[in-house]
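Asks: 3D model of this:
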Amino acid sequence: MSIKVEVPASMRSITMGKAEIQACGTTISELITDINRQYPGFQSRICDETGRIQKFIAIFVDGHDIRTLQKDQTPLHGNEKVLVIAAIAGG
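Replies: As a prediction, this is how the structure comes out:
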C-alpha cells in the first residue's frame, strides 16, 4: 500500500526537492523506515538515537496528531495522507 507523505520544506533536500512522496507501511514506524530506505538520512532527521520521533517533529494522519493516537505505532491502511511538520525556531 502506498501512502502520500507531505514533506516539510526544511527536509526536502533529503527527498530531492519533492514536497510529496509515496511510501509504504502499516504503521508510522514502518512508513518512516520505508522513507529512509528511499531517501537515506530522513529517519535521522525525524527520530532520535533511540528511534523515537523527536519532540519538535509533529506527524499527522488525516489531520490527527499521532501523539494523540498510538504515536509511531499508529496504524495505516493505505488511503491516509501523512503530514510531517518540523518546528522552526525563531525570534
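
Asks: low-confidence ranges, the chain, go.
Replies: 89-91 (pLDDT under 70).

Asks: burial count for the spatially closest residue to Q73 that is not a sequence neighbour?
Replies: Ranked by C-beta to C-beta, 6 or more residues apart in numbering and with sequence neighbours excluded, the top spatial neighbour of Q73 is T27, at 5.3 Å. All C-beta atoms are positioned from the backbone trio N, CA, C, and that covers glycine. Applying other C-beta atoms under 10 Å, we find 16 residues neighbouring T27.

Asks: what's near enough to touch T27?
Replies: 72-76 (C-beta atoms under 8 Å, 6 or more residues apart in numbering).

Asks: quick check: it vs R12, distance?
Replies: Separation of T27 from R12 (C-beta to C-beta, to the nearest Å) stands at 24 Å.

Asks: how about E30, secondary structure?
Replies: Recorded secondary structure, E30: helix (DSSP: H, G, I helix; E, B strand; the rest coil).

Asks: apologies, that question was intended for I88.
Replies: Under three-state DSSP, I88 comes out as coil.

Asks: quick revisit: give the ChimeraX command for selecting the buried subset of the contacts of T27.
Replies: Here is the ChimeraX command that picks out the buried ones among those, judged by 16 or more other C-beta atoms under 10 Å:
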select :72,74,76
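
Asks: export the contacts of T27 to CSV and tack on distance to K55 and secondary structure?
Replies: Converted to CSV, these look like this (distance: C-beta to C-beta, whole Å; DSSP: H, G, I helix; E, B strand; the rest coil):
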residue, distance to K55, secondary structure
D72, 13, helix
Q73, 17, helix
T74, 17, coil
P75, 22, strand
L76, 22, coil
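
Asks: related to what we said a few turns ago, so what pairs up with the residue nearest to Q73 in the strands?
Replies: As for beta bridges, T27 partners with P75 under DSSP bridges.
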